[in-house]
Every structure is written in structure tokens, then in C-alpha cells.
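Novice: can you look at this prediction? I've put the sequence above it.
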Amino acid sequence: MAVVSSAPGKVLITGGYLILERPNAGIVLSTNSRFYAIVKPFYEEIRSDSWAWAWADVKVTSPQLSREATYKLSLKHLTLQCTSSRDSSNPFVERAVEYAVAAAKTIIIDNNKKEMLEKLLLQGLDITILGSNDFYSYRNEIEARGLPLMPEVLASLPPFSAITFNSDAPNGALTGEKCKPEVAKTGLGSSAAMTTSVVGALLHYLGAVNLPLLKENLTNESRSDLDLVHIIAQSAHCIAQGKVGSGFDVSAAVYGSQRYVRFSPGILSSLQVFGGYQVVDCIINVLQEKWDHERVTFTLPPLMTLLLGEPGTGGSSTPSMVGLVKQWQKSDPQKSHETWNKLAAANSELETQLKMLSKLAEEHSDAYKCVIDCCSKQKYEKWMEQALDNHQTTIVKSLIAAREAFLVIRFHMQLMGKEAGVPIEPETQTVLLDATMNVEGVLFAGVPGAGGFDAIFAVTLGESSNNVTKTWSSLGVLPLLVRDDPRGVSLEEVDPRAREMSSAISSIHI
């Protein structure tokens, strides 16, 4: 019986760079774009001589990349030995497999479950990985075919389309930095979502957790299971990328939209030193650590929509940009400290106003709906004119305060970029963002995460999304199909390819 798990992509709307250091917080929204991992037995039956085997067979297939990697998993050390071309391997998947199997072996103590785990491993693991089209850039193909930069064109692509590669060096890459061809991405955190989906699927398949279905509410037991998925996915992702990042992308992939404060990097020190060859011991240590990240569920206020657009000016090298910002911090500690404090204050103010708007929507529902509807049809200069009573005035004032807080965030991010010599909000993006914020019904617009050239986002009111879509298309920006979705890693009832096929068939009119 196959197990299908999915995990979402993310958009970091506040906390870029600051989120790397405790106790700075960031707001990260999970999205409706998801990675899927399908786990099933490699062999249908267990061979009679399999109990003497020291290795289990593992196959990892990525249809969108036309890649297949095969491995032998040591049943003693729980390390993978690649038996196919290294070009087809993926370190994120490899660490996810090793650490998930080690975690399952560590925490399963029931004898019947242990016996089932051993049987499942002897049958081998057949893993298929699929990513929603939203994670990848199809802009070059759309332009090459002479098609308009419209979301309808993206929607017409087959689900899980083949992926193209970028041969150009990413913007923000260090001079002389060697760049091999990379998959053209939209910056939604594909490696974190992929790692989390694989870890979640394996832990569920092996009997270590019970993942919640996408449509289910969380129980205390499922929350505990998600904590295990988080620890293993976070560990695998950090070791695979060769550094301990802030972890907000993995946290969003596991738990969904949230306000996030990072964990202390030292938690993963044993994995960094010994993780390559003492997998079980290291996983035991990591599971015993006190994980001190902070996470509070966060969603956009009602009747607000997250939009994402691809400007087409090339991707950005986030590690290089982060490195340059850190250099600036060391070279000018006083100025950088002042800038970070002002950024943190503006981030906090935006969070406060968004929470206030959610509260006002709950307490004064009719007034809130009326204000959002009216303001969605007006540029922000005329929003205050829409208020007809005290409740509506309070709501409009909070909208304007949120917008102004975001403008302060943009100002200090631009300043930090100039001081550090990093294209956090490049001039080309500034032109697009200013134009976007001048569209009717736009609350704010910015560059997500570390910034750069990857993407721009907007938060819109009511039914004003089409205004932004048309504006972006006219300015050469490809509006993506991504929307915010607060749900994290989940169990899927069917293979997503079967669901998409069924949907396509049902849409055919005879």
C-alpha cells in the first residue's frame, strides 16, 4: 500500500535576514503549491533469503527531471550507498531517507511494529517525488512560444510538467563563483518542501507517525507527530545544504503559516560533526535536544489574498547575499545594529496591525466586509473617505498603519542592500513594487525572504487580485497561480497524478 505525503512551499513576508538571528521573528505564509512524496515497496513480496541481507534496496524517481537514482541502504549503519550515476542523486532526499529510517528505528519500541518495520525495509523503498508547477519557472517556455504572461497560460500547462534548467549565473552570486546549470525556480522553498514531504511519507509508511489528512483538524497526538517530522526534516535539510539556516522554510512546510523564531544552531552540532557515519547515535542526540524555536500560528486577515509574480530578471543566489550582509554587519556593527532594530520594530508593527485586523474582522464583521469591499476598488489615498462610522474608521486606520509599516520595512531593506552591496530590493523591483502599491485594493507589495530578483509578492483586498494580475502582465511580470494556504505537511488520500487525471477527464464536455 503506497503512502502519499505532501508539504507546502512558503513566502516569507517579514523577517528577511533578521530571522537568521534569535530572537528576531518573521512571518512566513505557507502556500497551495505542494511537494508530494509517494512511498511504496520496491519488492511486492519478501524473498525467503532476505533476512540474511545486510542491505535494503532504495529507488528514488523524479519524473519531472527524468531522473532515477538507486541505492543500497545499510541495515546496520542506515547509510545510503548510491549504485547509479551521482548526477541523478539528491543530497536532500538522501539525508531525508537516512534520518527518517533512523528515527523510526529509534522511537518504535512495540515488538509488532518493530517486526513490521524490518519487513518494510527488507521489501525496499520505492520513492517518487513530484513538485507543483508553481515551484518552477516556465517563463522562458511561455515567451518562446509567444504566449501572453497571464496566469491562464500557466494553468494550461500539464500538472507536474518537465522542468527546465537555468544556465545563467544567479544574480547576487559572488564574482568568480562557479555556477553549474540549475533548475529554474520561483523561490518557494522547494528543497524544504521536498525534504519534509519525503520525511513525512517515510515516517508514516514505517509506522513512526500518523500524519493528519489534509482536511483533518489536528489532535494532540498529530501535533506530537508533526514535532517529530519537524526535527527530522530540519536536521536532514540543514545537513544536506551544508549549513544550519534559520529553518523557517522547513517549519512552514511542516506546520503551515506562522510567526517563527529560529532554533539555536548548536542543536545540530553533533549531526554536523558525526552525521555522515553515526546516523543512529546522532538522531538519538537530536531527538533528545531541547528545540527552542518559537512558533505561533499566523494567517492573513479575512478577505486578503497573497499574490506572487515572476519578474523574469533571473534568480538570486541567497547564500551569497546572506554572506555579504553578514560581512557588512561585521564591518559596520553600529549602523547595521541601528538598521536591524528599526527593521525589527517595523516588522512588529506590521504583525500587530494584521492581528488587529483579524480581531476587528471577528468583532465587527459587517463593518470589516464593507471596508474591504470599498477599499478594494480604490487607491489607498481614498481609503479613509470610505469609512462611514467609528468601527469602519478604526478598520481603515489599521489598514493604513499596516501599509505604512510595510513601507518602512521596504525602506530599511533597501538601505541595508545599498550598505551591504546586495540587491535586496533592486531598482527594477522597486519600480514594479511602487507601481503595484499604486493599484486599487493593494495593501502592500514587496520582495519575499532575502529579496533579490526571484519574485515579488502583493497582499490584496477583496476582489482586487485581477487589478494586480493585469498590471503585472502589462509590466512584463508573470502572475503565478500561488495563493496562501495555512496547512502544513499532510497525508494525501490518492496519488496526485491520479487526481489531476480524474479532474482533467471530468472537465471534458462530450
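Specialist: That came through fine. In this text, all values refer to a predicted model and were calculated from it rather than measured experimentally. Numbering: from 1, shown residues only.
Novice: mind giving me the domain split of the chain?
Specialist: The chain breaks down by automatic domain parsing into domains covering 3-137+186-298+488-505, 304-479.
Novice: out of these, which is closest to I163?
Specialist: domain 3-137+186-298+488-505 (4.8 Å; CB to CB). The C-beta positions use only the backbone N, C-alpha and C, and glycine is treated the same way.
Novice: just how off-centre is the closest one within its chain?
Specialist: 13 Å (CA atoms, centre = their mean, to the nearest Å).
Novice: what number of residues are in the vicinity of D87?
Specialist: For D87, the count of nearby residues is 7 (other CB atoms under 10 Å).
Novice: over to it: give its phi and psi.
Specialist: With angles defined as degrees, to the nearest 10, D87 sits at phi -60, psi -20.
Novice: and if you look at P41?
Specialist: phi -70, psi 140.
Novice: contact partners for the nearest residue to E351 once chain neighbours are set aside?
Specialist: Spatial nearest neighbour of E351, excluding adjacent residues (CB to CB, 6 or more residues apart in numbering): I27 at 6.1 Å. The contact partners of I27, taken as CB atoms under 8 Å, 6 or more residues apart in numbering, are L12, I13, T14, G15, Q258, R259, Y260, F298, N347, L350, E351, L354.
Novice: of these, buried ones?
Specialist: L12, I13, T14, G15, Q258, R259, Y260, F298, N347, L350, E351, L354 (16 or more other CB atoms under 10 Å).
Novice: columns distance to T164 and mean pLDDT on top of the domains of the chain, output as JSON lines?
Specialist: JSON lines is the format used below for these (distance: least, CB to CB, whole Å; pLDDT from 0 to 100):
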{"stretch": "domain 3-137+186-298+488-505", "distance to T164": "8", "mean pLDDT": "93"}
{"stretch": "domain 304-479", "distance to T164": "12", "mean pLDDT": "95"}
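Novice: and the ones you listed: which comes nearest P159?
Specialist: Closest among the domains of the chain, using CB to CB: domain 3-137+186-298+488-505, at 4.1 Å.
Novice: which residues does stretch 223-234 contact?
Specialist: By CB under 8 Å, 6+ apart, stretch 223-234 touches 96, 99-100, 103, 107, 192, 195-196, 199-200, 203, 208-212, 218, 247, 250-251, 253-255, 263, 268, 283, 286-287, 291, 488-489.
Novice: go through that stretch and flag the buried ones.
Specialist: For stretch 223-234, by 16+ other CB under 10 Å, it's D225, L226, L228, V229, H230, I231, I232, A233, Q234.
Novice: check stretch 391-411 too.
Specialist: The neighbour-count check on stretch 391-411 (16+ other CB under 10 Å) flags 391-392, 394-396, 398-406, 408-410 as buried.
Novice: so which of these sit within strands?
Specialist: Counting by DSSP state E, the buried residues of stretch 391-411 place none of their members in strands.
Novice: sorry, back to before: show me the two of the buried residues of stretch 223-234 that sit farthest apart.
Specialist: Spatial extent of those (CB to CB) is set by the pair D225 and Q234 at 14.8 Å.
Novice: so which of the domains of the chain is nearest A155?
Specialist: Nearest of those (CB to CB): domain 3-137+186-298+488-505, 9.1 Å.
Novice: would you mind putting the domains of the chain into a markdown table with distance to R145 alongside?
Specialist: Output for those, formatted as a markdown table (distance: least, CB to CB, whole Å):
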| stretch | distance to R145 |
| --- | --- |
| domain 3-137+186-298+488-505 | 14 |
| domain 304-479 | 13 |
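Novice: helices of the stretch 51-200 of the chain, start to end?
Specialist: 91-107, 111-122, 139-144, 151-155, 190-205 (DSSP state H, counting those that start in this stretch).
Novice: now do stretch 231-250: distance from first to last residue.
Specialist: By CA to CA, to the nearest Å, the extent of stretch 231-250 from end to end equals 9 Å.
Novice: for it, list every residue counted as buried.
Specialist: In stretch 231-250, counting by 16+ other CB under 10 Å, buried: 231-241, 244-250.
Novice: could you do stretch 381-388 as well?
Specialist: Going by neighbour count (16+ other CB under 10 Å), the buried part of stretch 381-388 is W383, Q386, A387.
Novice: next, count neighbours for the closest residue to the second one other than its chain neighbours.
Specialist: For Q386, the nearest residue in space outside its immediate sequence neighbours is C374; the separation is 3.9 Å by CB to CB, 6+ apart. Using other CB under 10 Å, the number of residues around C374 comes to 20.
Novice: what about C374, is that helix, strand or coil?
Specialist: When classified by DSSP: H, G, I helix; E, B strand; the rest coil, C374 comes out as helix.
Novice: how close does it get to P319?
Specialist: 44 Å (CB to CB, to the nearest Å).
Novice: which residues touch the closest residue to S464 other than its chain neighbours?
Specialist: Spatially, and ignoring its direct neighbours in sequence, S464 is nearest to G441 (2.5 Å; CB to CB, 6+ apart). By CB under 8 Å, 6+ apart, the contact list for G441 reads C375, S376, K377, Q378, T460, L461, G462, E463, S464, N467, V468.
Novice: what about 10 Å?
Specialist: Going by CB atoms under 10 Å, 6 or more residues apart in numbering, G441 touches 305, 372-380, 383, 458, 460-468.
Novice: same check on L478?
Specialist: Contacts of L478 (CB under 10 Å, 6+ apart): 137-139, 142-143, 148-151, 153-154, 186, 308-312, 455, 472.
Novice: how many neighbouring residues does the residue nearest to V153 when sequence neighbours are not counted have?
Specialist: The spatially closest residue to V153, leaving aside those adjacent along the chain, is L147, at 4.9 Å (CB to CB, 6+ apart). Neighbour count of L147, defined by other CB under 10 Å: 13.
Novice: repeat for H364
Specialist: Neighbour count for H364, taken as other CB under 10 Å: 18.
Novice: name the nearest residue to it, sequence neighbours excluded.
Specialist: Using CB to CB, 6+ apart, the closest residue to H364 is H391 (4.6 Å).
Novice: wait, doesn't the one you found sit right on A367?
Specialist: Yes - with contact defined as CB atoms under 10 Å, H391 reaches A367; the gap is 4.0 Å.
Novice: and for those two, which residues touch both?
Specialist: L360.
Novice: same list, the helices of the stretch 51-200 of the chain, but as a markdown table with distance to I46 please.
Specialist: As requested, those are exported to a markdown table (distance: least, CB to CB, whole Å):
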| stretch | distance to I46 |
| --- | --- |
| helix 91-107 | 17 |
| helix 111-122 | 5 |
| helix 139-144 | 45 |
| helix 151-155 | 44 |
| helix 190-205 | 16 |
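Novice: deepest of those, which one?
Specialist: helix 190-205 (a mean of 29; mean count of other CB atoms under 10 Å).
Novice: what about the nearest residue to V261 once chain neighbours are set aside, how many neighbours?
Specialist: Counting by CB to CB, 6+ apart, E294 is the residue found nearest to V261 once chain neighbours are left out, at 3.8 Å. Neighbour count of E294, defined by other CB under 10 Å: 14.
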